Each structure stands twice: as structure tokens, then as C-alpha cells.
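Peer 1: What would the 3D arrangement of this be:
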Amino acid sequence: MKAPTWPSDRLRLASVEITRRCNNACPYCDQPKAEQDMPVAQFAALLNELADAGVEAVALGGGEPTLHPALPALLKAARERGLRAGLTTNARAPDTIIELADAGLLDSFGVSAGKGAWTALVDHPAAVINLLLLAGGLAQVTGWAGEALRRGARCLLLLGYKGDHPGLAPTTAELADAFTLLVALGRRAGATVAADDYTRRRLGLSDTCGDGFVRVSLDGARDRCCFPACEYRTR
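Peer 2: Numbering: from 1, shown residues only. As a prediction, this is how the structure comes out:
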């Protein structure tokens, strides 16, 4: 299996909320939590619409996607429509993730550093290690990165906090310092280092973000921004 390339690809991507179940209690999380899942039939119909609109890849999220009772069926539906598929996990079910990836149902999966059994997944060829930077969290992020690289990680992705708690958002200087350090660490280890579109825009590395992106909520609502309070939202 090849190393994942999603962070640097310009695929037309749909991020789909498939569940609101979660078994983690992240203090910064604003996502609604409930015992709700997207039915397989609804997801299949959505895939048809997305594929017809030119979407090339789907990222399944939530909530924690491994808690969706029909996750393999959802991934198979994406594969049948020729779409690349991925998800982001809190790593509380690492064996499930490895099984799905090794079965060819996941092209890539994001591993949230610091959560669950995340170190059990970092050396998988399909793993992208998500490094979330909170205000004052530079040492934490670089520590996670070092641990991941020592364990064989091939791809790191820097994410700046975006949400409803302004006090948790890192400054642009903190983001720049983090990205510079991660690039240096990645170069030394021969790993790919990238940043999400929002962070790249904050750093002045791009003057647009979200090209070809759509976010779909559990109820089918759609948004071109990856989070509701985005300061770059088109007014």
C-alpha cells in the first residue's frame, strides 16, 4: 500500500458527518453528540449526488466514525462508486481501522494524536497523523510529532484549532513556529508534512481555502466552510 497523499492532493472532497456518537470527551469539541447515525440508504443516495457533482473523495466523520454500526457498508458503497474514502479516528478502535484499511476500504485515515491508542496506528502506510495545535500547545504538538516519527509515521498534518472558543485558537505566530518545526522534523525523518487549508491560509501560504470542498451534516445540510465560525467564510 502506498503512503497517503491526501494532504497535498487537490481532490474534490466531501466531508460527511455519518454519526454523532462519540466515546471521547475532548474539552475543545463543539460537535453535537447523540445516538444518531446516517442510514446506509441515505448515505448511498448522497454518494450518487456527490459523484454526479464531480466529488472524487469522501472523508467520513462525526462523532467517531468507528461507532457507526454499518461503517464497512458505507465504505463499500463509496468504493463501488469509484470514490476514494477516508476517515478521522480517535484511535479507540485501532484494530477496526487496520482491518478496514488492509481490506482496501480506506485509502487514508487521520489519527488524532494524543487520543486513544493512537501510537498503534502511526506506522500504518495509510495513516495521516493529525496534530491539533491549541493556544500554548507548541511543545505538545512537537512532542506528538517526535513520538509519531520515532514510531515510523510517514505523514504529519498540522491543524490549527477552529471552533467556538477563541481562547483556544493559536496565534498566527504559534502556527508558523509549529509548521516550521514540523517541516524540519519531517525532513530529517523523510516524512511528508502538510497543513490543512485553513492553517495554510492563516500562514499566508494560500489566499483561498476549501477549493472543491463541501461539508455534509447528518441531516443533509451542506456548507463550503469546514467550521461554522470561519473568518474566511464568504459573506
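
Peer 1: make it CA atoms for all contacts and neighbour counts henceforth
Peer 2: Will do.

Peer 1: Tell me who's in contact with residue 195.
Peer 2: Residue 195 is in contact with 7, 157, 158, 159, 179, counting by C-alpha atoms under 8 Å, 6 or more residues apart in numbering.

Peer 1: wait, the second one sits on residue 133?
Peer 2: Looking back up the chat, that one is residue 157. No. Contact criterion C-alpha atoms under 8 Å: residue 157 and residue 133 do not qualify, at 10.5 Å.

Peer 1: Helices along the protein, start to end?
Peer 2: 40-52, 71-80, 94-102, 138-150, 172-189, 197-202 (DSSP state H).

Peer 1: how about the ones you listed in TSV, adding mean neighbour count and mean pLDDT?
Peer 2: Formatted as TSV, the helices of the chain follow (neighbours: other C-alpha atoms under 10 Å; pLDDT from 0 to 100):
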stretch	mean neighbour count	mean pLDDT
helix 40-52	15	96
helix 71-80	18	97
helix 94-102	16	98
helix 138-150	18	98
helix 172-189	17	98
helix 197-202	20	92
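
Peer 1: Output those as a markdown table; include the columns distance to residue 210.
Peer 2: Putting the helices of the chain into a markdown table (distance: least, C-alpha to C-alpha, whole Å) gives the following:
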| stretch | distance to residue 210 |
| --- | --- |
| helix 40-52 | 16 |
| helix 71-80 | 21 |
| helix 94-102 | 26 |
| helix 138-150 | 24 |
| helix 172-189 | 19 |
| helix 197-202 | 6 |
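
Peer 1: which stretch among those comes nearest residue 121?
Peer 2: With C-alpha to C-alpha as the criterion, residue 121 lies closest to helix 94-102 of the helices of the chain, at 6.5 Å.

Peer 1: quick one: residue 93 and residue 72, what's the gap?
Peer 2: Distance of residue 93 to residue 72, computed by C-alpha to C-alpha, to the nearest Å: 14 Å.

Peer 1: Residue 86 too?
Peer 2: Between residue 86 and residue 72 the distance is 12 Å, computed by C-alpha to C-alpha.

Peer 1: Kindly report the same for residue 97.
Peer 2: Taking C-alpha to C-alpha as the measure, residue 97 falls 10 Å from residue 72.

Peer 1: Relative to residue 223, which of the contacts of residue 195 is nearest.
Peer 2: Taking C-alpha to C-alpha as the measure, residue 223 lies nearest residue 159 of the contacts of residue 195, at 19.3 Å.

Peer 1: Who does the closest one form a beta bridge with?
Peer 2: residue 132 (DSSP bridges).

Peer 1: how many other residues sit next to it?
Peer 2: Number of residues near residue 159 (other C-alpha atoms under 10 Å) recorded here: 22.

Peer 1: Verify the contact between it and residue 129 for me.
Peer 2: No. Using C-alpha under 8 Å, residue 159 makes no contact with residue 129, being 10.2 Å away.

Peer 1: Cool, thanks, talk later.
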